[in-house]
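Undergrad: Got a predicted model here, sequence first, then my questions.
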Amino acid sequence: MTSKVIEGFFPATAMPDSAWWHALWPHPEKVLADLGVEPEMRVIDLCCGDGLFTAPLTRLARRVIAIDLDPEMLQIAQASVTAAGATNCTFIVGDAYNVAKLAPEPADFVLIANTFHGVPDKPRLARAVASVLKPAGRFAIVNWHRRPREETSVLGQPRGPQTELRMTPADVAAVVEPTGFIPIENIELPPYHYGGIFQKTGSNPKPRVI
């Protein structure tokens with residue numbers, strides 16, 4: 001994980017170590033499909049880091065916008081997408097709070113993975129996501145379960161945020177619902193994560209295709 005200090009970087013978060021992330025999730029494309037990413041969607045991979053989900057998103061979605069504050073991590077993500085031969089992804093360096101300015105065309109789906117726990121102003125970020133989504137657009141938040149950190153080991157070492165920073169699905173819903181979302185579903189993402197799926201309000205809930 002990075003030790004760099006980046007202005008605007010969310011406290012209590014860190015850039016991913018690709019080796020253990022891939023050990024944790026060897027099939028990221030399945031994770032994305034389980035979250036409800038569909039072929040016709042325009043997807044924003046918010047705080048994408050080194051692109052764990054970005055390249056798989058390009059294979060599942062029509063268009064991908066990858067946003068991160070760290071240009072070095074974004075370059076790694078871009079290299080991964082380029083190596084995969086994908087041409088349907090745009091990379092943008094910027095602050096997640098400014099997502100609506102960075103990606104002004106409305107999106108069908110916004111993903112934020114392993115970052116929400118460290119966002120200082122979570123309602124502000126959720127409102128920003130709501131502003132960039134189409135009617136009936138989806139917001140998926142991938143989080144570590146609220147389990148003691150010593151119990152969530154990967155490759156023989158405890159991983160993930162400190163125990164006191166972890167959020168239950170109810171914690172996430174309590175923050176996100178008032179900002180313009182309806183909770184749709186919580187799905188298990190073994191071994192240690194869950195995905196909270198929310199739909200922008202002002203539209204009838206759209207059933208997910210399983």
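TA: Thanks, I have the structure now.
Undergrad: Show me which positions of the longest helix along the chain end up buried.
TA: If you go by DSSP state H, the chain has its longest helix at helix 71-83. By 16 or more other C-beta atoms under 10 Å, the buried positions in helix 71-83 come out as 73-74, 76-78, 80-81. Heads up, the C-betas are built off the backbone N, CA and C, glycines and all.
Undergrad: State the next helix or strand along the chain beyond that helix.
TA: Beyond helix 71-83 in the direction of the C-terminus, DSSP states H and E gives the next helix or strand as strand 89-93.
Undergrad: Export only the CA atoms of that following strand, formatted as PDB.
TA: The C-alpha trace of strand 89-93 is given here as PDB (Å, rounded to 0.1, in the frame of the first residue of the first chain):
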ATOM      1  CA  CYS A  89     -12.600   3.300 -20.900                       C
ATOM      2  CA  THR A  90     -11.700   6.900 -20.000                       C
ATOM      3  CA  PHE A  91      -9.300   7.800 -17.200                       C
ATOM      4  CA  ILE A  92      -9.700  10.900 -15.200                       C
ATOM      5  CA  VAL A  93      -7.500  12.300 -12.300                       C
END
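Undergrad: List the contacts of it.
TA: Strand 89-93 is contacted from outside by 54, 57-58, 63-71, 74, 77-78, 81, 102-103, using C-beta atoms under 8 Å, 6 or more residues apart in numbering.
Undergrad: Give me the ChimeraX select line for these, limited to the buried ones.
TA: Of the contacts of strand 89-93, the buried ones go into a single ChimeraX selection, burial set by 16+ other C-beta under 10 Å:
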select :54,57,58,63,64,65,66,67,68,69,70,74,77,78,81,102,103
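Undergrad: which helices and strands sit right next to the helix-or-strand element of the chain with minimal mean pLDDT?
TA: Taking mean pLDDT, DSSP states H and E as the measure, the chain has helix 18-24 as its least confident helix or strand, at a mean of 84. Under the contact criterion of 3 or more C-beta pairs under 8 Å, 6 or more residues apart in numbering; DSSP states H and E, helix 18-24 touches strand 153-154.
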